[in-house]
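Trainee: Provided below are the primary sequence and the corresponding predicted coordinates.
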Amino acid sequence: MAISLSFIASAASVSTSSVSCRSQKIEEKVFGARGVVYVSTDYLGVDAEELSSLLASTNQNCEQFPRFRDDGSIAPVDPAKLRRALRHSTIVVALYAEGDSVDDLEGCGEGDRPSWLDYWRPRSPGKRKLIAFGRATSDVSLTASIYDLVVAPSYQRSGYGSRVLLRIVRELRRKGICDIAVTPTPELRSFFTKCGFGPDQLNSTTMVYTRSPGSSVACEVIEYGRKLFLIPPPLTPRTSTRVLERSRL
């Protein structure tokens, strides 16, 4: 009996350690182009109000018909809707700057970048700022779409947008999803192209359903933009051999 109990205890400790290891992988510390940042894939850690402000700072809004302010800027999206969207997203990737780096890099230009020594410099605990974000929705089997990719204005052109995007793609590919789509604005098409996205084979156009509940028209649609799909890398002789070996099993 003692042996079985010790075995159960050891098995429980192993499972607990494995769970803790998985939970630790939710967030990681990396040294980016503008200093130390934290990459998180935990949607529970994302503040919906802070995300709403970040989207508004770049004039983005998740709603189909966003409200505009008197100065022409887009009103922030409802945080309650963002919380619901985060809860039902397949992948969420958030980048945070912590401690002194928030103040040091707020007015930092593209050429004024800290050295690698700043990676080890002590930081003020507890002070974090959401600087980049992106999420994806999916059927967790075949297809996925990327939404709400955003980088704070003072942190743009530093590689954070591509870091978030490629992390989302990596997490989706781990789930076996290769049909990954995004609907970018015209000014962002070149960015997504550089990250491996391209037009789909059908050259399809995204259409948005615009019929309101009180509309008498049977169906009204408008063109919203052209989708870009992730182009998978070509099979190398080594990978094609692996595919053939798997097909023979």
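Mentor: All right, it came through fine. Model, not experiment: these values are computed from the prediction.

Trainee: please make it C-alpha for all contacts and neighbour counts, starting now.
Mentor: Noted.

Trainee: so where is the protein shaky, pLDDT-wise?
Mentor: Applying pLDDT under 70 to the chain flags the ranges 1-25, 62-69, 72, 99-126, 211-227, 229, 231-249.

Trainee: what ranges do the helices span in it?
Mentor: Listed in chain order, the helices found in the chain under DSSP state H are 2-24, 48-57, 79-87, 100-106, 160-174, 189-194, 237-248.

Trainee: domain ranges for this protein?
Mentor: The record's domain parsing of the chain by automatic domain parsing lists 26-178, 183-234.

Trainee: ranking those domains by burial, who's on top?
Mentor: Of all the domains of the chain, domain 26-178 has the most neighbours on average by mean count of other CA atoms under 10 Å, namely a mean of 17.

Trainee: first residue to last residue on that one, what's the distance there?
Mentor: Counting by CA to CA, to the nearest Å, you get 22 Å between the two ends of domain 26-178.

Trainee: now swap in stretch 26-43 and tell me
Mentor: Between the opening and closing residues of stretch 26-43 we find a distance of 10 Å, counting by CA to CA.

Trainee: over to stretch 185-199?
Mentor: The straight-line separation of the ends of stretch 185-199 (CA to CA) is 14 Å.

Trainee: same question for stretch 191-206.
Mentor: Its start and end residues considered, stretch 191-206 measures 19 Å (CA to CA).

Trainee: can you check stretch 143-161 too?
Mentor: End-to-end span of stretch 143-161 (CA to CA): 22 Å.

Trainee: what comes into contact with that stretch?
Mentor: Residues external to stretch 143-161 that are found in contact with it (CA atoms under 8 Å, 6 or more residues apart in numbering): 32-34, 54-55, 57-58, 62, 95, 105-108, 110, 131-138, 164-165, 172, 177-183.

Trainee: please report how far residue 189 lies from residue 79.
Mentor: When distance is defined by CA to CA, residue 189 is 28 Å away from residue 79.

Trainee: my bad, residue 40
Mentor: Using CA to CA, which is the criterion applied here, residue 40 is 20 Å from residue 79.

Trainee: can you check residue 173 too?
Mentor: Summarising the geometry, the distance separating residue 173 from residue 79, computed by CA to CA, is 29 Å.

Trainee: again with residue 148
Mentor: With the distance defined as CA to CA, residue 148 ends up 14 Å from residue 79.

Trainee: now residue 200
Mentor: Where residue 79 is concerned, residue 200 sits at a distance of 33 Å (CA to CA).

Trainee: kindly report the same for residue 28.
Mentor: Relative to residue 79, residue 28 is positioned 26 Å away (criterion: CA to CA).

Trainee: kindly report the same for residue 132.
Mentor: 17 Å.

Trainee: then residue 205?
Mentor: Going from residue 205 to residue 79 by CA to CA gives 30 Å.

Trainee: what of residue 26?
Mentor: Relative to residue 79, residue 26 is positioned 23 Å away (criterion: CA to CA).

Trainee: what about dumping the CA coordinates of the lengthiest strand in the chain to PDB?
Mentor: Counting residues, the longest strand found in the chain (DSSP state E) is strand 128-138. In PDB, the C-alpha atoms belonging to strand 128-138 read as follows (Å, rounded to 0.1, in the frame of the first residue of the first chain):
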ATOM      1  CA  ARG A 128       3.300  47.300 -17.400                       C
ATOM      2  CA  LYS A 129       1.900  48.700 -20.600                       C
ATOM      3  CA  LEU A 130       0.300  46.800 -23.500                       C
ATOM      4  CA  ILE A 131       2.300  47.800 -26.600                       C
ATOM      5  CA  ALA A 132       1.200  45.300 -29.200                       C
ATOM      6  CA  PHE A 133      -1.700  42.800 -29.600                       C
ATOM      7  CA  GLY A 134      -3.200  40.400 -32.100                       C
ATOM      8  CA  ARG A 135      -5.700  37.500 -32.000                       C
ATOM      9  CA  ALA A 136      -7.100  34.800 -34.200                       C
ATOM     10  CA  THR A 137     -10.400  32.900 -34.400                       C
ATOM     11  CA  SER A 138     -10.700  29.400 -35.800                       C
END
